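# Just a sequence and a predicted model for now, questions to come.
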Amino acid sequence: MSTLTQNFPQDLYKVVMDSSMNPLAALPKMVRFQFMSMLAFMWSGVFFTADTFRRARKIAA
């Protein structure tokens, strides 16, 4: 197994979760925090809406 594929999950996790490695690292800390908070709120809404439609379809069937 090559080093690229062996470390891929760990590297991918670092890019997403480590604020010093992700693409937002160039932003000031406060702007980065606001942006990440907005993204978290957005994804919460997306998953809530998806679950609501899933439950409604289950009840209607």
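That came in fine, so what should we check first?
# avg pLDDT for stretch 37-57?
Computed over stretch 37-57, the mean pLDDT rounds to 95.
# For it, buried residues please.
For stretch 37-57, the neighbour count (16 or more other CB atoms under 10 Å) marks no residue as buried. Using the backbone N, CA and C atoms, a C-beta is placed for each residue, glycine as well.
# how distant is it from the center of its chain?
Distance, stretch centre to chain centre, for stretch 37-57: 13 Å (CA atoms, centre = their mean, to the nearest Å).
# Please tell me how far residue 14 sits from residue 20.
9 Å (CB to CB, to the nearest Å).
# Looking at these two, which is more packed in?
Set residue 14 next to residue 20 and count neighbours by other CB atoms under 10 Å: residue 14 wins out with 13 against 6.
# Pretty sure that one sits against residue 21.
Yes - the pair residue 14 / residue 21 is scored as a contact, 5.0 Å apart, by CB atoms under 8 Å.
# now the helices for the protein?
Applying DSSP state H to the chain gives helices spanning 3-17, 29-60.
# From the contact counts, what lies against the first one?
When contacts are defined as 3 or more CB pairs under 8 Å, 6 or more residues apart in numbering; DSSP states H and E, helix 3-17 packs onto no helix or strand at all.
# And the contacts of that helix?
21, 22, 23 (CB atoms under 8 Å, 6 or more residues apart in numbering).
# mind listing what the last one touches?
Applying CB under 8 Å, 6+ apart, one finds that residue 23 lies in contact with residue 15.
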